[in-house]
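K.L.:
Sharing a sequence plus its predicted fold:
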Amino acid sequence: MAKAEETVLEIDLQALDHNYRYLRSKLRPETKFMAVVKAYAYGSDSVAIAKRLEHLGADYFAVAYVNEGITLREGGITAPILVLHPQKVHFKTLIENHLEPSIYSKAILSGFIATAKELGETDYPIQLKFNTGLNRLGFSASELLEVSTLIQQQSAVKVTALLSHLAATEDANEIDFTTLQLQRFNTICKKADTLFKNRTLKHVLNTSGIINYAQAQYDMVRSGIGLYGYGNQPEIDTELRPVMTLKTIISQKHIIEKGESVGYNRKYKSDYKTVTATLPLGHADGIGREYGRGKTYVLIHGKLAPIIGNVCMDMIMVDVTNIECEEGDEVEIFGKNLSANQFAETAQTITYEILTGLSQRIKRVLIN
Ligand SMILES: *Cc1c(COP(=O)(O)O)cnc(C)c1O
């Protein structure tokens, strides 16, 4: 592991291997694994992550939008790719890139059938998404008959899978609701099996679903956050390894006399002689202003240094009064030694947000 010389996001592929194997160990051997690599693989590098996972045996990939699927195809990924949230305007390119749409409404279904016909497709694979209580995207159970009739009347597309998404798999207070969602999905699946001539795959679990509701794994699971090393529960976090470590270096140190201020709008005022270190990353890199003003810490030589004053666009300042350090020394923002989950919690947000918000201007470095 090379010492950082600028701000870098280190991506540890061996940690990814470990997390993949850990999640797989919770499943039956025949259950398929759909790796969720939307949003640059949760802020990392979707092609590098997908290539490694394809090699490890991931069966399917999922992205949110068509352009993300195209990036994977251009990067050489040949496994099937589900597009979770496609829009009509991209149907043609979706088909040209052999991506599978998650179809969630009648308008999207008829639009997609029309495009598939125009392109002369037969049996083009599509998946049907059902709303079982998240109330975000998906057909309602009452639309199943109509949808299946529409599909049997044509041959341009065929349904390969049925899916739904759960609202609160990580929340022990919502077991009743999750159970209700799973029952609703099961009812839809049973009815669909009587309506569709071909057998369809069923999938409903995300990472916390795999951990807490493995009995509902059906034919496939969809995991994102767990692959990157976070399990939404402390006891699972200890089993997983963070794939991403955000590192930087100290650009400059300053000695701030008592009564002086640091940064924009003078939001840090020293009531003691303070030594500060300025770091080359800021809110343009994804470290928002909510991390400033003493709430959040970074790690320097194993010690916690609070971010003081307002976070700037390209810089943050930290208090290193009690830390022996020099200009050029390495700083861990979060990752291996300081969990991204803990970092996110200091700003009342979640690991998903801090990871996926990391700007593309941060250099990505693959290790292992
Ligand atoms: C993002 C997403 C997932 C992955 O969820 P994790 O909690 O990261 O495992 C699975 N399914 C759908 C529909 C998603 O949008």
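P.N.:
Okay, I see it. None of these values were measured; they are calculated from a predicted model. Numbers count the residues shown, from 1 in each chain.

K.L.:
How about the residues of the stretch 1-150 of the chain by the ligand?
P.N.:
For the stretch 1-150 of the chain, the residues in contact with the ligand (Cβ under 6 Å from any ligand atom) are 36, 38, 84. Bear in mind the C-beta positions are built from the backbone N, C-alpha and C, glycine included.

K.L.:
taking these one by one, which sit in strands?
P.N.:
Members of those lying in strands (criterion: DSSP state E): V36.

K.L.:
among the residues of the stretch 1-150 of the chain next to the ligand, who's most crowded?
P.N.:
V36 (24 neighbours; other Cβ atoms under 10 Å).

K.L.:
ok, now how distant is that residue from D319?
P.N.:
Taking Cβ to Cβ, to the nearest Å as the measure, V36 falls 38 Å from D319.

K.L.:
where does the residue positioned nearest the centre of the chain land in three-state SS?
P.N.:
With distances taken as Cα atoms, centre = their mean, the residue of the chain nearest its centroid is Y42 (3.6 Å). What DSSP: H, G, I helix; E, B strand; the rest coil gives for Y42 is helix.

K.L.:
shouldn't it be in contact with T356?
P.N.:
Yes - with contact defined as Cβ atoms under 8 Å, Y42 reaches T356; the gap is 5.5 Å.

K.L.:
Give me the neighbour count for the residue nearest to N341 when sequence neighbours are not counted.
P.N.:
Residue nearest to N341 in three dimensions, not counting chain neighbours: T351, with 4.6 Å by Cβ to Cβ, 6 or more residues apart in numbering. T351: 24 surrounding residues under other Cβ under 10 Å.

K.L.:
S140 now?
P.N.:
13.

K.L.:
swap in Q87?
P.N.:
13.

K.L.:
now swap in I255 and tell me
P.N.:
Around I255 there are 11 residues (other Cβ under 10 Å).

K.L.:
Surely it is within a helix?
P.N.:
No - counting by three-state DSSP, I255 falls outside a helix, being strand.

K.L.:
so what's it up against?
P.N.:
273-275 (Cβ atoms under 8 Å, 6 or more residues apart in numbering).

K.L.:
Adding pLDDT and distance to I225, write the residues of the stretch 1-150 of the chain next to the ligand out as TSV.
P.N.:
Formatted as TSV, these follow (pLDDT from 0 to 100; distance: Cβ to Cβ, whole Å):
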residue	pLDDT	distance to I225
V36	98	8
K38	98	11
L84	98	15
